[in-house]
Structure formats: structure tokens, C-alpha cells
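K.L.:
model the following, please.
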Amino acid sequence: MLKKIRSLPLIAYLGLVELARGVKEDERGLSGVVVAVLLILIAVLAIVLIWGFLSGWLSDLWAKIIGESAAIG
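P.N.:
Model (predicted):
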């Protein structure tokens with residue numbers, strides 16, 4: 001019984017090593033991950049471009065709002 005208890009950590013370690021080896025060699029899910037990363041990058045790039053185009057317009061609009069509020073108050 002004690003021998004089995006002592007071998008449990010070794011069995012667990014070897015099982016995890018084999019699982020990691022199987023995940024590294026399995027390339028079926030790789031294309032899905034690559035597509036997801038590329039879509040996230042494209043979305044971030046689109047947001048950055050839109051923000052770059054709109055930031056000047058929003059700054060001018062905000063300056064007009066502040067100027068009008070100063071004239072009112």
C-alpha cells in the first residue's frame with residue numbers, strides 16, 4: 001500500500017508530461033487559435049484607425065462645447 005502511495009506523484013507527473021506532449025503534437029486546433037488572434041488584431045487595428053480619424057473632430061467638438069459653456073456660465 002505504501003509503495004502505491006509513493007508512486008502516485010510519479011504517475012501523475014508522467015501523465016501530465018504525456019498530456020503536454022500530445023497537446024504540442026496535435027495541430028488540429030491550431031488554425032482556430034490563429035484565426036482568433038488575427039481577428040482580434042484586425043479589430044484592434046480598426047479601432048485605432050477609427051480613433052485616429054475621429055480624434056481631431058472630437059477635440060474640435062469638445063472645444064466648442066467648452067467654449068459655449070464658458071459663455072453661458
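
K.L.:
now do the lengthiest helix in the chain: distance to the chain's middle.
P.N.:
Determined from DSSP state H, the single longest helix within the chain is helix 30-72. What separates the centre of helix 30-72 from the centre of its chain is 19 Å, taken as C-alpha atoms, centre = their mean, to the nearest Å.

K.L.:
cool, and stretch 10-18?
P.N.:
Chain-centre distance of stretch 10-18: 30 Å, with C-alpha atoms, centre = their mean.

K.L.:
then that stretch to PDB, C-alphas only?
P.N.:
Below are the C-alpha coordinates for stretch 10-18, written out as PDB (Å, rounded to 0.1, in the frame of the first residue of the first chain):
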ATOM      1  CA  LEU A  10       5.400   9.900 -10.300                       C
ATOM      2  CA  ILE A  11       2.300   8.500 -12.200                       C
ATOM      3  CA  ALA A  12       0.700  12.000 -12.100                       C
ATOM      4  CA  TYR A  13       3.800  13.600 -13.400                       C
ATOM      5  CA  LEU A  14       4.200  11.100 -16.200                       C
ATOM      6  CA  GLY A  15       0.600  11.600 -17.100                       C
ATOM      7  CA  LEU A  16       1.000  15.400 -17.300                       C
ATOM      8  CA  VAL A  17       4.100  15.100 -19.400                       C
ATOM      9  CA  GLU A  18       2.300  12.800 -21.800                       C
END
